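A.B. asks: Based on what follows, work out the 3D shape:
(chains A, B and C)
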Amino acid sequence: MAHVPTNAAALRAQFGPHLNLAPPGGWDAEPAPDKLVSTHCCFCGQQCGIKLKVAGNKVVGFEPWEDFPFNKGKLCPKGVKRYLQGSHPDRLTQALGRTDAGFEPLAWDAAMERTVAGIQAVQATYGKDAFAMLSGVSLTNEKSYLAGKFARLALGTRNLDYNGRLCMVSAGAGNKKAFGVDRAANAWADIELADVIWVSGANVAECAPITTDYIWRARDRGAKLIVVDPRITPLARTADLALPLKPGTDAALTNGILHLLDKWGLVDRDFVRDHTNGFEAALEAARDCTPEWTASVTGLPVAAIERAARMWGEARTSFLLHARGIEHQSKGVENVNSCINIVLATGRIGRPGCGYATITGQGNGQGGREHGHKCDQLPGNRDIENPEHRRHICDVWGCTDEELPGKGLSAQEIMEEIHEGRIKGLLCLCFNPLVSLPDSTYTREALEKLEFFVSLDFFLSETAQHADVVLPSALHEEDEGTTTTAEGRVVRIRKAVDPPGDARTDWEIFVELARRLGRGRFFDHFTSPEAIFQELRRASSGGTADYGGITYAKIERQMGVFWPCPTEDHPGTPRLFEGGTFFHPDGRAKFIPTPYRPPMEVVDADYPVWLTTGRVVFHYLSGTQTRRIGFLVQQCPHPYVEIHPRMAEARGIKDGDAVEVTTRRGTLVLPAKVVATIRPDTVFIPYHWGGDLGANRLTARHLDPVSRIPEFKVSACRLTPTTPDRLPPELLELRRMAAAAALLPERVM
Amino acid sequence: MNPLSRLELEPRPLARAALATLALGGLVALGNGGGRWLDPALLGYLIASLFACFGVAYRYFTWLERPATAMYWRWTLRTFLSVRGLRALPRVGLKLLDQLFLQRFIGKRSIKRWGAHACLAWGCLLAFSVTFPLVFGWVRFTSDGANADRYQAWLFGMPAGSFPLGSATAFIAFHILDLAALMVIAGCVLAFLRRSTDEGDAATQRFDLDILPLLLLIAVSATGLLLTASETWLQGRNFGTLAFLHELTVILLLLFLPFGKLFHIVQRPAQAGVSLYKAEGDAQGLLPCRTCATPFIRPNHRRDLERLWLELGLDGARHPGGIHHLDLCPRCRRRLVMGAQSLRLHGAFDPFAEVPLPVEPLADPISFRS
Amino acid sequence: MVSEEYGFFIDPQRCIGCRSCVAACAECGTHRGHSMIHLDELDRSASTQTGPTVCMHCEDPVCAMSCPADAIKRTEDGVVHASQKPRCVACGNCEMSCPFGVPLVLPGLEQMLKCDLCYDRSSVGLKPMCATVCPSQALLFAPRHEVAAMRGSRPLREFQVGELLVRTRNAVMVPDPETPLHLDAALLLDGGF
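C.D. replies: Residues are numbered from 1 along each chain as shown, chains lettered A, B, ... in the order given. Next up, the predicted model:
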């Protein structure tokens, strides 16, 4: 069974996390760079352009890439220090096999043989679908596409899903319902032209830092900013109107706005009539959402709600942005649609300065969700249950309909099937479910039940520690490919260095595994990422996410191509829905009624405090990479719990005190950060850590019925002050590491 | 116009420098028996040395006139003469040894820089310690009258041992300057190499400040080595020309001393005073910031800076309530800028100006299900 | 030389506290692992307000006036440089005298370091590292004549500490640049944010 080897100290000594503080050879190495490689940052959906300095097959630093139009050289600290993930002491350079004592190095062949035997044993005994695959969207488009094809044709399993399930699925589902397509409606350039910017559930400053400047450029022209968030985030601090609502009440607010737009005659009736369907039903759902009702649900003052409706309704141009805050809920899709409803009602979409977007979180969160990486999807954002779509893909892949499995389970459901003992084997890459899925105690139990678990990873993540075989894979800067940014811009990822030791790119591993599984005929022609991309183009062609006309050369020439781009002479589509034409067959957009319903878990006498989770600017997702970069760890070594002074006082908690946070799933002991920038009835914990530091020990496995996204953003908890000796040893160790790094006699940073 | 008046020489340092030069002249005369033991071939060097002495002393005394320098000078001297100062002396002495000779702090800046600097510093100090006594006539060598195969060393006119011509001692005595020259050249080459790759230095270096001294040092060392080469392998060919060139470069170097980068050789030992001064302040304990209460400044430093600011005309930097700007720690001074800007924005960006944070009784939370 | 036309325009209200500037400062060729920029919280218990501090490059630099070693030089382009390595004796006068709390005397290094506009970059027409990467452009490095068109607020280069008026090369953005920015300690004592 897939238990973690018991000697945690030995594991830590061997695999880290250790901190990489300085470039290879130290700060004084002064290597003359051989080349500057223009590529992109791997640490969020904005995919900022960056140039990596390479010397002697090592990335030794960076230069800002000021010509790249999206970020013009700007980078957040993750981007600045991203180069330190290379040449890292924790890097896996050999295949590993788990033993009772720990991990032993395996020769590549032995590892592949063990993997194939493991897969075949599980599938022979329990059936094809008992072997599942979990993947992630920090992978390039090529690898995402290949992951989909590999699961379906090499493993023959329907149970493939991805960590986008924890990211953009609510937005994707909501967008498809409303617009018939899943992409940011506009390039970010339209943000600058907007007169009112509405940001819902997005800590833009920390999770999409470069977007901050787009918003400010609009504000420099006089634009007004509305921020909806239970916390006064750095951007909300400066907002013209901050709406710190109760967690989980977003649709109540937007319904209330729709109600007022209608009441005050601020609806663009012509647009609604000519370009949309379903307005009356949506309005009906918001009929009782008076400002008073909205105020009672959201905890916002009536005046603020009315002012928001006035500002939004009277704007000439506007842009609405939202992110995980509204999407990580058991009604994530409804929240998204309620936002889209207030965009459609004003008709401000598909024109310069008029737009809407979700801020995609993961590196390739956009592209990775388009090409068959999801349990219900085929390339080009096609539906795996649509016979016509299946036929197209069978033609491209050269397989029969029988060979192409049907719709599988979503990520959380796969984990539940593992826990139930119905799924017995797992291949996992680019995903650290033990940190990122809710209720991590449950996830751990599930992983321990696996009969065979193979993991592809470059660092030994918390999840990979459970694997029977770990195959060393390549970093972002060790492979060619493309990603699609939050804007819908397809960009080129360039290889800067070769993978070290036995490490190989994921696509090479897929192709070799497929051959060894006897399915080489579907994969043998993949001799380079570009060869995969050529097939992806054909596979996506005719779908909504149409990459048919995109080539590597064109991406480089145009500094990115916005899909849809059906033909090679097509310049790409930065702005969707121009002329009010949407992607539904009738060309109209749909209002989706979003009657308000409460979160799955609400506060009560036993658990009287709202708990919400999120990111900090210094870390990326489950932290496998960023928790190994010295500078980032020094800035934020461990999680904490943000508590309002009034709440803290009521419970006798002072800044820095140890606090026990308990939900129905479990307990964490963390230091308190007493700040007046959060609602007094709510606490916040950043989620980038695992084990005793994992916020997801506390979150629940409540899923959105449509998108199957877990409700990370709303839980009920209770707080108890406790003694410092209850702080987890892991936390003290991280604190010690950060302090030791700061004291290094040589270079401070 | 009189070029001297354009130099704007300060009278007090001028007088002091003259005095210092006279004093050195006196010492030289005293040490070489009133010129009796002076090597006439080295006369040019001697004159240049005296000029250099004047220049260096003038610059040094001008430097001491600066209010900030004077402050340190005064208070360091006072500390030095106090009981506590005397007691701290051994510790400060050790630190000085580290800073002036081992120069480990340069190693912390960069190992390459330390390597280059160590070669240069030790090479120069070695050369100076040999040449000045020779030039001044304090040390000289003569053939031993009784035994032509032996050399006799003289110190201040007194015999200081003799050694045979072919002995190791003789070899060392006559080639110690070659060793120094090699060290200096090695240091210069390392320095140039470092400068050629360091983007930061490439941007900030100036020919007169950073390159010229290195070139001068190379010129001096190279001509010195060539003298040896001419003597050893070329039967003294071109010796005269080389000797002239060497003398010329050395004189240029000496005259350059007060102006350029090399002045730090005389200036740097002042660091001893700083160490002493800091030790004195640390013994008293740091004073707290008047706004955030974090201890941050040494009491003697605080006291002397206030006087210095008075002298510099900065004394008006006081906040309402009598808080001197010096009483704010650097972090609070930085916070003031963002705080002041925030104030200028008239609270326009304070989200709670119009939307107060909602208050609800925590004991009775609102539940949507209820 | 850095063109007189270019300067820093600092806008703390835009700052998102990400410390990208701190990270990037250490990466440029002049600095090599030493960051010379400060990123401070105003008062985290009350607000998420943070602000970056780079050297303001005073017209009459108090640090240079206070330096006993004569190690701090202002070049003709108005850039006040970090202390000259051979001269600086690490006394800390500059650190304690700077009106804006900029210079840093790093322990062990025996030298004062501070922002020098990334001279290796700015002297060849590049932007300093911090201003290049700053995600919110709270640190803007731009030609003076373009700033008015780029921003809603205006640059101010005069700061008042009691009776002392400090004029600087770099500017802080304010809505009303007609009067100097008053740096008044009462602001911190009241805690009125």
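A.B. asks: The closest residue to residue C:137 other than its chain neighbours: helix or strand, and which one exactly?
C.D. replies: The shortest distance from residue C:137 to any non-neighbouring residue, by CB to CB, 6 or more residues apart in numbering or on different chains, is to residue A:213 (4.9 Å). Where C-beta positions appear, they are placed from N, C-alpha and C, glycine not excepted. Using DSSP states H and E, residue A:213 sits within helix A:211-220.
A.B. asks: Which positions in chain A make contact with chain B?
C.D. replies: Near chain B, the residues belonging to chain A are A:28, A:30, A:32, A:227, A:232, A:236-244, A:297, A:299-301, A:303-304, A:307, A:598-599, A:602-605, A:608-609, A:644, A:646-647, A:650, A:676, A:679-681, A:745-746 when assessed by CB under 8 Å from any CB of the partner chain.
A.B. asks: Can you pull the residues of the stretch 501-650 of chain A lying near chain C?
C.D. replies: A:617-618, A:631, A:635, A:645.
A.B. asks: Lowest-confidence member of these, which is it?
C.D. replies: Minimum pLDDT for these is recorded at residue A:645 (88).
A.B. asks: Settle this for me: that residue is touching residue A:676, isn't it.
C.D. replies: Yes. Taking contacts as CB atoms under 8 Å, residue A:645 lies within contact range of residue A:676: 5.6 Å.
A.B. asks: Give me the common contacts of the two.
C.D. replies: residue C:45 (CB atoms under 8 Å, 6 or more residues apart in numbering or on different chains).
A.B. asks: which residue ranges form the helices in chain C?
C.D. replies: C:20-25, C:62-66, C:93-97, C:119-122, C:129-133, C:144-150, C:186-190 (DSSP state H).
A.B. asks: right, and those - which one's nearest residue B:147?
C.D. replies: helix C:93-97 (61.1 Å; CB to CB).
A.B. asks: ok, and what's touching the closest one?
C.D. replies: B:68, B:297, B:301-302, B:305, B:308-309, B:326, B:330, C:62-68, C:72, C:83, C:103-105, C:112, C:114.
A.B. asks: Just the buried ones from the residues you listed, in PyMOL syntax?
C.D. replies: Provided next is the PyMOL selection string for whichever of these are buried by 16 or more other CB atoms under 10 Å in any protein chain shown:
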select buried, (chain B and resi 68+297+301+302+305+308+309+326+330) or (chain C and resi 62+63+64+65+66+67+68+72+83+103+104+105+112+114)
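A.B. asks: Just the pLDDT at the closest residue to chain C within the stretch 451-600 of chain A, thanks.
C.D. replies: Nearest residue of the stretch 451-600 of chain A to chain C (CB to the nearest CB) works out as residue A:486 at 14.3 Å. Listed pLDDT for residue A:486 reads 96.
A.B. asks: My read is that it contacts residue A:208, right?
C.D. replies: Yes. In this structure, residue A:486 is within contact of residue A:208 by CB under 8 Å, at 7.2 Å.
A.B. asks: Now do the shared contacts for those two.
C.D. replies: A:45-46, A:359.
A.B. asks: Include pLDDT when you put the residues you listed into TSV, please.
C.D. replies: Output for these, formatted as TSV (pLDDT from 0 to 100):
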residue	pLDDT
A:45	95
A:46	96
A:359	96
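A.B. asks: Domain map for chain A?
C.D. replies: A:19-85, A:95-164+A:364-572, A:169-358, A:609-743 (automatic domain parsing).
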